[in-house]
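Chemist: Sequence first, then the predicted structure, then my questions.
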Amino acid sequence: MAAISWSRPARALWLLAMLVPGMTAGEAAAAEERWTVALRGLDVTRAAGPIFTGGVLLVDAAALGPSLGLQARAAGREVTIRGAAGVEWRGAAGDTRLAMPGRFLELERPLRVEGPSVYLPIAAVAELAGLRLAVDPDARAAALLDPPLASGASPSGWQAFTVPKPASPGTAGEGASRRARQALLLPPDHDTLRLTLGFGAVPGVDSAGELTATGSMRGIETAANALLTSGPMGLDFQSGHALLTDPERGWGGEAGDLFSEVWGFARGARFRWRRGESGDSGHGSWPALSVYFDDPRAGNTGTVLAYSDEVHLGRFTVFGGELASDGSWVVNGRLRRDRLDLAGYLRETSGRFADRGMGLSGSFELPRGLSLQAALSRGGPGDRPLTGQTWSLRIPLPRSSDLSLETSRVDAARLHSRTDGLAVGTALGRVQLRGRYQRRQTGFRLAGVDGDGLRFSQDELFTSFSWLAGRRFRLEAQLAQRWPERGEPDQWRQVNAFFALSRRTSLQLFATSSRSGLADAFRIRVDRELGPGFSLFAEYGDVVTFQPQVLSGAGGEERPRVRIMVRRSWDLATPASGSGVEGAVGGAGLPPLAGLPVELGPYRTVTDGEGRYSFPHVPPGSYDLWVPTEALPADLTAGPAAKVQVQRGRDQRVDLPLVPLGEARGWVYVDRDGNGRRDPGEGIRGAVLVLDGRATSSAADGSFGFFNLPPGTHEIRIETGRLSAGLETLPPSRMALGLPPGRSVDHLEFRLREKKKPVVFQEVRR
C-alpha cells in the first residue's frame, strides 16, 4: 500500500479549527431524565423511544413514520426515508446529513440505526413531516404539531368574545374589570377534522393523488394519509395509514403501513388498549394485537399474527417486545437513570428476510457537558454475518459551538469498512458554520481469491455554511472535497437558497456541481397559497417522480422535468367531545352578581344577570374551577378552587359559594375612675392594635376597626410597647375573636390605666 501523505488532512484540520472559538472552563450540562413526545396531542412516547444525548433529542423515525406519513427503513447501515409526496432521502448510520437529489438535510447528531429503528433528531423529523416542533426543556416534553394557521386567523371551533367594562361604579363588574375586559374563551363547540386532498403530476411520466386527515371526532383522535400513483408501473398504492385513538377510554386502532418491532415495516391492522398507569409518563402501557399481510416490501410471508407489549420496572427500566405467529420475535429493553442511557435488543426473524440480530447502544453524560455515545450491533444470516460499531464523543464549546469525535466500523463476509471523523460547528449570530473531516478505509475480499483482497482509503472534508437573513431569505452552501489514495482528488459544491417573495409565495433554488453524483442537479421550486384552503407547488429540474421505479425502469434516463402538486384543505366541524359544567356563583342572602369571571382550567366565562355560569363541551380531564378573588367586591371572598373531573357525556353542576366578609370594632380607653367601664372622655388616640398581621391605630375617641375580615378565628392584641409613657394595659392585652360569615363584632375593649408613681420614704438623720 502506498504511503499516505498527511499534508491534506493537516490542512483540513486547520480549516476546521478556524471555525471554532477556543474552549473556556466552567461550562457543564445538567443530566436529563426521561422525555415524553406527543403527536397532535396524542402521547407517542413509546413508539418514539426518545433519547436525549449531547443536548439533542433523538426519536425513532421508523416507528413514528406511519403516523407522520413517512416511511423510514433500515437495511444494514443504509437508511431510506420516503415522504407522502414521494420525496426520498438517503443516509447511513453515523452520517450527519440526509441526501436527496439536489438537497441535503443537516443533522444535529449522527444518524443511528438500532435494528429496525432509525433515530434522527426530532427537529429533522418535524421538517421531513412538515410539522411544527414545540419543546419544553424544563418539563422534558416535545410536541409535533400541525403547521400554524395563517396570520390573524383564529383556531377553528373556538369561540371568543369581549365583555365591556360596566359603566356604573361600585358594582361587582367594576371590581372584575381588569379580567372582564379581556377576551374570554369557551371550549370549542365542535371538534375539527382537517382534510387535505392533493393531485400531482410529472407531465409525461406519472401522477399521484394524496389524502391526509388530522383532528378528532367526539374526542377520538384521528389521523390518516394515503398516496396513490399512476404511471409506467400501473396504478400503485404507494403508502397509507389510518389511526383512531380514544385517549379517555384507552383504546386505539390503526391500519395500513404499520411499524413492527420485528420487521420495522409491514402492512396490516392493529388494535391496542391501555393497561394501568405505570411508567414515568403516567399514560400506562399499550399492549397491541396486530395482523400483518404478505407484502413484498416486508419481511413476513403470508398472514402473520403478532402480540406486542411492554413492562415498566420502576421509574427507570422498561422491557418490551413483539412475538409473531411465524416464530419471529424481538425483545428490547432500556435503562435511563441520571446520566446513563442504555438500550438493547435481541431479534430473530423468519420468512423472506430470515435473520438473527442483537444490538446494544448507550450514552453517558460526562462532567463539563461532554457526552459519550456507543452502539454495537450484529445481524444477518449465520453464513453472512454483519457487525457494526459506532463510537462518538461530543465536546461542547463556548458560543453555541461543539466538537465531535466519531468512529464507525462495519464488518461483513467480504467487506470491511472503517470511518474516523471529526466534526465541528459554531453559530455566529445568524450564520452557522459546520465542518467534518473523515477518513474512510475499505477492504474487499473477492470470492474464490486468496489473500487480503482489495484495500483503499480516502480522506474527505465536508463544510457547510448557512445564513438566515431575517424571515425572507436563507442561504445554505456545502463544499465536499475528496482525496482518494489512488486517483485524482475531486470536489463538488451545492448551494440552496430560499426567498420569501411575499406572504403567500416562496422560491427555492438548489444547484449542485457535476461531481456530486447527483447528475448535475439543478432544481427550482415555487410554493404559492392560492386562496382559502388552496396551495400549489411547482418544481423544475432533477425532480423525483412519484413512482420511484420509473427512472430505473427507463434505463436510467434522467433529464430536467416539471413536477406540480395542487392541494385543497378543509376544516370540517365534527361532533364535539366533553360535557357541560355549570352552576351558580353566590350565597344565601347575597343578590345575584353579574359579570363575575369564572375560570375552569384554561377556559374563562362570566356570570349572567342571575349569577349563573356555564361551560359547554368541556373536553374530558381534570380542571380547577374558581372565581378569581381580585375580581370580587371588597366585602366578599371566594372559597378554594374546586376540583372538577370531566367525563364524556356526563354534565355536572358545581356551585361556587361566595362568603361575605365581616368586621371587628372596639375602643381603647383609660379607666381613670376604676369603675371597669368606658366613660365619655376616656378614649385614647394612637394606640396600635394588630389582628393577624394587620395593624391599625385608635382614633381621637379611642375607637378602632378592622374591615373585610374572612370568617373564622382571629387573634387581636394591643402593642404594649408602643403605648404612651405613663400608661399600661389591664388584662387582657390580647384576645381570640370568632367571626361568623358577614357578621360584625363591635364590643371589643382594651382597658388602660395610668401608672402610679411609687412613694419613697427616706429617713433623714440629723
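Modeler: Cool, got the structure.
Chemist: From now on I want contacts and neighbour counts done on CA atoms only, so please keep to that.
Modeler: Fine.
Chemist: Could I get the full set of strands for the stretch 551-700 of the chain?
Modeler: For the stretch 551-700 of the chain, strands defined by DSSP state E, counting those that start in this stretch occupy the ranges 561-574, 579-586, 597-600, 603-606, 612-618, 621-626, 636-638, 642-646, 652-653, 656-660, 662-670, 688-691, 694-697.
Chemist: Lowest average pLDDT across those strands?
Modeler: Out of the strands of the stretch 551-700 of the chain, strand 636-638 stands lowest, with a mean of 83 (criterion: mean pLDDT).
Chemist: Within its sheet, name the partner strands of that strand and how each one runs.
Modeler: If you go by DSSP bridges, strand 636-638 pairs up with strand 656-660 (antiparallel).
Chemist: and Pro548, helix, strand or coil?
Modeler: coil (DSSP: H, G, I helix; E, B strand; the rest coil).
Chemist: Relative to Gln238, how far out is it?
Modeler: Using CA to CA, to the nearest Å, Pro548 is found at 10 Å from Gln238.
Chemist: Now the strands of the stretch 551-700 of the chain in TSV, please, with extra columns for distance to Ala413 and mean neighbour count.
Modeler: Formatted as TSV, the strands of the stretch 551-700 of the chain follow (distance: least, CA to CA, whole Å; neighbours: other CA atoms under 10 Å):
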stretch	distance to Ala413	mean neighbour count
strand 561-574	41	18
strand 579-586	64	20
strand 597-600	65	23
strand 603-606	64	21
strand 612-618	62	22
strand 621-626	57	17
strand 636-638	77	21
strand 642-646	61	16
strand 652-653	69	14
strand 656-660	76	20
strand 662-670	89	21
strand 688-691	88	19
strand 694-697	85	14
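Chemist: Name the residue closest to the centre of the protein, please.
Modeler: Nearest to the mean C-alpha position of the chain, by CA atoms, centre = their mean, lies Ala142 at 1.7 Å.
Chemist: element containing that residue?
Modeler: strand 141-145 (DSSP states H and E).
Chemist: In the stretch 651-766 of the chain, where is pLDDT below threshold?
Modeler: Within the stretch 651-766 of the chain, the segments meeting pLDDT under 70 span 757-762, 764-766.
Chemist: now with 50?
Modeler: Scanning the stretch 651-766 of the chain for pLDDT under 50 picks out no residues.
Chemist: Same question for the chain.
Modeler: Scanning the chain for pLDDT under 50 picks out 1-6, 9-10, 12-32, 148-183, 278-283, 519, 552-556.
Chemist: still on that earlier bit, what pairs with the strand holding Ala142, parallel or antiparallel?
Modeler: Short version: by DSSP bridges, strand 141-145 pairs with strand 36-39 (parallel), strand 132-136 (antiparallel).
Chemist: next one: the shortest one to chain centre, how far?
Modeler: This means strand 36-39. In terms of CA atoms, centre = their mean, to the nearest Å, the centre of strand 36-39 is found 6 Å from the chain centre.
Chemist: cool, and the longest one?
Modeler: Using CA atoms, centre = their mean, the distance from the centre of strand 132-136 to the centre of the chain it belongs to is 4 Å.
Chemist: Any buried residues in that strand, and which?
Modeler: 132-133 (16 or more other CA atoms under 10 Å).
Chemist: Can I get stretch 627-645 as CSV, trimmed to CA atoms?
Modeler: Extracted in CSV, the C-alpha atoms of stretch 627-645 (Å, rounded to 0.1, in the frame of the first residue of the first chain):
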residue,chain,number,x,y,z
VAL,A,627,-63.6,32.7,40.9
PRO,A,628,-60.6,35.0,41.0
THR,A,629,-60.5,36.8,44.3
GLU,A,630,-59.3,40.1,42.9
ALA,A,631,-62.4,40.2,40.7
LEU,A,632,-64.8,40.2,43.7
PRO,A,633,-66.2,43.3,45.6
ALA,A,634,-64.2,44.2,48.6
ASP,A,635,-66.7,42.7,51.1
LEU,A,636,-66.8,39.2,49.5
THR,A,637,-64.4,36.4,49.2
ALA,A,638,-64.4,33.0,47.4
GLY,A,639,-63.6,29.6,48.7
PRO,A,640,-60.7,27.5,47.4
ALA,A,641,-60.7,26.2,43.8
ALA,A,642,-63.0,23.2,43.3
LYS,A,643,-61.5,20.1,41.6
VAL,A,644,-63.8,19.1,38.7
GLN,A,645,-63.3,15.7,36.9
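Chemist: sorry, back to before: how about JSON lines for the strands paired with strand 141-145, with distance to Pro110 added?
Modeler: Output for these, formatted as JSON lines (distance: least, CA to CA, whole Å):
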{"stretch": "strand 36-39", "distance to Pro110": "20"}
{"stretch": "strand 132-136", "distance to Pro110": "20"}
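Chemist: can you tell which of the ones you listed is closest to Asp294?
Modeler: The minimum distance between Asp294 and the strands paired with strand 141-145 falls on strand 36-39, with 28.9 Å, by CA to CA.
Chemist: For the closest one, report the contacting residues that lie outside it.
Modeler: Here strand 36-39 makes contact (CA atoms under 8 Å, 6 or more residues apart in numbering) with 43-45, 48, 50, 140-145, 281.
Chemist: Would you check that Ser361 makes contact with Gly344?
Modeler: Yes: checked against CA atoms under 8 Å, the pair Ser361 and Gly344 is within contact range at 6.2 Å.
Chemist: follow-up on the earlier one: please look at the residue nearest to the centre of the chain and Leu133 and confirm they touch.
Modeler: Yes: taking contacts as CA under 8 Å, Ala142 lies within contact range of Leu133: 7.2 Å.
Chemist: Would you state the helices of this structure in chain order?
Modeler: With DSSP state H as the criterion, the chain has helices at 7-19, 45-48, 61-68, 122-129, 172-175, 177-180, 550-553.
Chemist: Gly359 and Val330, how far apart?
Modeler: From Gly359 over to Val330 (counting by CA to CA), the distance is 11 Å.
Chemist: Quick one: neighbours of Arg486, just the number.
Modeler: 11 (other CA atoms under 10 Å).
Chemist: Contacts only, for it.
Modeler: Phe456.
Chemist: Now do it against Leu454, distance only.
Modeler: Counting by CA to CA, the gap from Arg486 to Leu454 is 12 Å.
Chemist: By residue count, what's the longest strand in the protein?
Modeler: strand 454-469 (DSSP state E).
Chemist: List the contacts of that one.
Modeler: Outside strand 454-469, the residues touching it (CA under 8 Å, 6+ apart) are 9, 12, 430-446, 474-486.
Chemist: likewise stretch 637-647?
Modeler: For stretch 637-647, using CA under 8 Å, 6+ apart, the contacting residues are 578-579, 618-629, 656-661, 710.
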